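**Student:** mind folding the following:
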Amino acid sequence: MKKTILICVCLMLPFACWAAARAGSRAGGSTVSDGRLKNVEGVFDAGLAELRQLTPVRYRYKKNNPAGIRDSGEHVGLIAQEVQAVIPEAVQGGKGYLTLDHGPILFAMLNAIKEQAQEIESLKAEMDVLRRQGR
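**Tutor:** Predicted structure coming up:
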């Protein structure tokens, strides 16, 4: 059996470097995703309604914060507590602080795009009917 060991070296953000050597961990931006290795347990259905409740913010880390994060300038992102309320799969706790896994947010965006595409198709069909009726 092949064992995978992930090593994470963090100089500036030591608390944020929680690379777990476990199944499904992301390394280098990719994840093992072969359907032959999965037991699908359901459909992830978060989408537009959940995303509309999230507010991207501009922020800086507080000076001398207890996590030891050194601020390198302004950032853009989400607040984990806000995300946790609507897409709990995207939030993990660690060392008392919350972290975001952007994967579930990305898949909520995919679902939102599908929802909007369906709405656009519905509106196009409605417009075609109205045009044919001469309205």
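**Student:** the chain: strands as residue ranges?
**Tutor:** Shown for the chain, the strands assigned by DSSP state E span residues 57-59, 75-77, 91-94, 97-100.
**Student:** quick one, what contacts Lys38?
**Tutor:** Not one residue lies near Lys38 by C-beta atoms under 8 Å, 6 or more residues apart in numbering. No exception for glycine: its C-beta is placed from N, CA and C like everyone else's.
**Student:** and for the one 3 residues further on?
**Tutor:** For Glu41, no residue counts as a contact, taking C-beta under 8 Å, 6+ apart as the criterion.
**Student:** I'd say His75 and Arg60 touch.
**Tutor:** Yes. Contact criterion C-beta atoms under 8 Å: His75 and Arg60 qualify, at 7.0 Å.
**Student:** now Tyr59. Nearest residue, chain neighbours left out?
**Tutor:** His75 (5.6 Å; C-beta to C-beta, 6 or more residues apart in numbering).
**Student:** and the one you found, how far is that from Lys124?
**Tutor:** Counting by C-beta to C-beta, to the nearest Å, the gap from His75 to Lys124 is 39 Å.
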